[in-house]
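1. here's my sequence, what's the structure:
(one chain, ligands or ions: 2)
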Amino acid sequence: MRVLIIGSGGREHAIGWKIKKDNPDAELFFSPGNGGTKDLGENEELVSIEEAKNFAKSQGIGLTIVGPEAELVEGIVDVFKNAGLKIFGPNQKSAKLEGSKAFSKEFMTKYGIKTAESKTFRHFIDAQKHIESLEEFPVVIKASGLAAGKGVVIAEDKFMAESTIRKIMVDGVFGDAGKEVVIETFLKGFECSILSIFNGSTITPFITAKDHKKINEEDKGLNTGGMGVVAPNPSFTEAHMQDFTKNILIPTQKGLIEEKMKFAGVIFFGLMVTENGVYLLEYNMRFGDPEAEALLPLLKNNLLEVIKDSIAGKELKLEWEDQHSCCVVMASGGYPGNYEKGFQIRGLENVEAPLFLAGVKQTNGKYYTDGGRVLNVVGLGKDLEEARNIAYKNIQKINFDFEYYREDIGKSI
Ligand code: AMP
Ligand code: GLY
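-> Ligands and ions are numbered 1, 2, ... in the order given. The predicted structure follows:
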C-alpha cells in the first residue's frame with residue numbers, strides 16, 4: 001500500500017517508522033518530510049492541500065495520515081474525502097476543537113466535561129473589565145486560535161494580565177488567532193497527555209504520557225513544543241484514569257456523536273491533575289509531538305491496521321508492550337528563541353535505540369541541523385530508570401555544534 005504522511009517533524013518520522021516496521025512492503029511518501037523520513041520513503045514538496053490531493057490521486061495513495069494541526073483546521077480531510085481518497089484525521093468541523101479554544105470550551109461546557117472555569121471575549125474593553133473584577137491570580141489567558149503553542153500566558157497579577165490582553169487583542173501579536181481570547185482559572189497540579197483514536201463512535205485511549213514543555217531543567221524557562229516525554233506517566237494512577245474516563249472521555253464521546261462530528265482520527269487530551277481530580281485543559285486533534293515518538297514504539301498493534309479499522313468504524317483493541325519509554329529531544333542551542341542551523345550531526349549511525357529526526361536536512365548522505373527541535377532519542381526499558389539510562393547513553397553518541405538537551409527528562413516528576 002502507498003501511504004502519504006503530511007508533516008515534517010519527529011512525529012511524522014515515528015509514524016512512518018512504525019508503519020514500515022509492521023508493513024515492510026508499504027511505500028511511504030512524506031510532505032514535506034525531513035532528513036530522517038528520506039531514509040524511509042520519498043519526500044515531496046506539496047505546497048497546498050489541492051496539490052496534495054492531486055498527488056494522492058495520481059500516485060494511487062491508499063491512505064493519507066495528517067500530522068500537524070494547521071492542515072486539519074484548513075480542511076484537508078474534507079477535501080480528500082470529497083475526492084474519494086482515504087484519509088485519517090478529523091474533518092474541519094471537528095478540528096475546530098483544537099483550532100478554536102472558544103469553540104472547544106463551549107463544547108466542554110455543553111457536555112459537562114470537567115475543565116477550568118472560563119469566559120470568552122471578543123472585545124478588549126470587555127476582557128479588561130473582567131480582569132479588573134478578578135481577585136485571584138495567576139489567571140490563564142489564551143489566544144483562541146492556533147498560535148504555534150505560544151498562545152497561552154499565565155499572568156501572575158492584574159498588571160501582567162492587562163498587558164497580555166492588550167498585546168493579544170490590541171497589538172495583535174498572534175494575528176487573527178488572538179481575535180477571541182479565553183480567560184480561565186489557573187489550575188495547580190501535574191500534566192498528563194492521553195492520546196486516543198476515535199472511530200466515529202468510540203474513543204479508544206492509549207497508555208498515558210508525560211510531556212516536558214519547558215526549555216530548562218526543573219520545568220523552568222520558556223515553553224517549547226516539548227523537550228521530552230515519558231510513557232506511561234508515572235504519576236497518573238488507576239483512580240485518575242477512572243476520573244478521566246467518567247468526567248472527560250465518555251462525555252466527549254457523547255458530545256461528538258450528538259454534534260455529528262464523525263471522523264476517524266486522533267484525539268489528544270491535554271490534562272491537568274489537581275487535588276480535586278482530573279481537568280481537561282485542551283483537545284489536540286492529532287498525534288502529539290514528541291508524544292508520538294515515545295508512544296508508538298510501545299504499541300504492539302500494526303498501526304496501519306489500526307488506522308484502517310478506525311476508518312471502517314471497527315472497534316479497536318490496542319495492546320502495549322509491558323515497558324517504559326523515555327524520549328529525549330536534542331535541540332539547537334537558543335531554541336525556542338533564535339538559533340543557528342546548518343551544523344553537521346555526527347554519530348547517528350552508532351545509536352542503538354529508536355531515533356526520530358525532526359529539524360534535520362540530509363545532503364549527500366550527511367545530516368545537518370535545520371530546525372529548533374533537531375531529533376529524538378527514545379530509550380525503552382523494563383522501568384523508567386532503565387529507559388532513561390538507555391536514552392541518555394545513546395544521546396552521548398550524537399553530537400553537533402551548539403547541541404542542547406534537558407538532562408532531567410523523566411526525573412522532574
Ligand atoms: P493549552 O494549549 O491550553 O494546553 O495550554 C498550554 C499550557 O499552558 C498547558 O500545557 C499548561 O501547562 C498551561 N495551562 C493551560 N491552561 C491552564 C490552566 N487553566 N491552569 C494552569 N495551566 C494551564
Ligand atoms: N507535545 C504537545 C503537542 O504536541 O502539542
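
2. and the closest residue to ligand 2 within the stretch 101-250 of the chain, how many neighbours?
-> Going by CB to the nearest ligand atom, ligand 2 is nearest to residue 226 of the stretch 101-250 of the chain, at 3.6 Å. C-beta: built from backbone N, CA, C; applies to glycine. Neighbours of residue 226 under the rule other CB atoms under 10 Å: 24.

3. my guess is it contacts residue 284. True?
-> No: counting by CB atoms under 8 Å, residue 226 stays clear of residue 284, with 11.4 Å between them.

4. so what's the residue of the stretch 101-250 of the chain closest to ligand 2 up against?
-> Applying CB atoms under 8 Å, 6 or more residues apart in numbering, we find residue 226 in contact with 211, 212, 213, 288, 289, 290, 291, 329, 373.

5. from those, which land in helices?
-> residue 291 (DSSP state H).

6. tell me the pLDDT at the residue of the stretch 101-250 of the chain closest to ligand 2?
-> Looking at residue 226, its pLDDT stands at 94.

7. distance of it relative to residue 192?
-> Distance, residue 226 to residue 192, by CB to CB, to the nearest Å: 14 Å.

8. please determine whether stretch 116-134 lies in contact with ligand 1.
-> Yes: contact of stretch 116-134 with ligand 1 (CB under 6 Å from any ligand atom) involves residue 116.

9. and that stretch, which residues are buried?
-> Within stretch 116-134, the residues that count as buried by 16 or more other CB atoms under 10 Å are 116, 118, 120, 121, 127, 128, 130, 131.

10. list the contacts for the nearest residue to residue 43 once chain neighbours are set aside?
-> Nearest residue to residue 43, sequence neighbours excluded (CB to CB, 6 or more residues apart in numbering): residue 33, at 3.6 Å. By CB under 8 Å, 6+ apart, the residues touching residue 33 are 5, 7, 8, 12, 41, 42, 43, 44.

11. report the contact partners of the last one.
-> To tie it back to what came earlier, the one meant is residue 44. When contacts are counted by CB under 8 Å, 6+ apart, residue 44 touches 29, 30, 31, 32, 33, 55.

12. and the last one, how many neighbours?
-> It stands for residue 55. Residue 55, neighbours per other CB under 10 Å, totals 16.

13. output the contacting helices and strands for the helix or strand containing it.
-> Using DSSP states H and E, residue 55 maps to helix 49-58. Contact partners of helix 49-58 among helices and strands, from 3 or more CB pairs under 8 Å, 6 or more residues apart in numbering; DSSP states H and E: strand 2-7, strand 27-32, helix 76-82.

14. picking that back up, can you tell me the helix or strand for the residue of the stretch 101-250 of the chain closest to ligand 2?
-> Using DSSP H and E, no helix or strand contains residue 226.

15. can I get the helices and strands packed on helix 49-58 in a markdown table including mean neighbour count and mean pLDDT?
-> Formatted as a markdown table, the helices and strands packed on helix 49-58 follow (neighbours: other CB atoms under 10 Å; pLDDT from 0 to 100):
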| stretch | mean neighbour count | mean pLDDT |
| --- | --- | --- |
| strand 2-7 | 24 | 98 |
| strand 27-32 | 21 | 98 |
| helix 76-82 | 20 | 98 |
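
16. distance to residue 112 added to the ones you listed, as CSV?
-> Output for the helices and strands packed on helix 49-58, formatted as CSV (distance: least, CB to CB, whole Å):
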stretch, distance to residue 112
strand 2-7, 34
strand 27-32, 40
helix 76-82, 27
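
17. ligand 1 is nearest to which of these?
-> strand 2-7 (18.9 Å).

18. helices along this structure, start to end?
-> 10-22, 49-58, 69-74, 76-82, 92-99, 101-110, 124-133, 158-165, 238-244, 250-258, 291-295, 303-311, 384-395.

19. what's the most buried one of the ones you listed?
-> Highest mean neighbour count of these: helix 291-295, a mean of 30 (counted as mean count of other CB atoms under 10 Å).

20. so is that helix next to ligand 1?
-> No: residues of helix 291-295 are not located near ligand 1 by CB under 6 Å from any ligand atom, the shortest gap being 12.1 Å.

21. hang on, the earlier thing: distance to ligand 1 added to the helices and strands packed on helix 49-58, as a markdown table?
-> Formatted as a markdown table, the helices and strands packed on helix 49-58 follow (distance: least, CB to the nearest ligand atom, whole Å):
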| stretch | distance to ligand 1 |
| --- | --- |
| strand 2-7 | 19 |
| strand 27-32 | 25 |
| helix 76-82 | 22 |
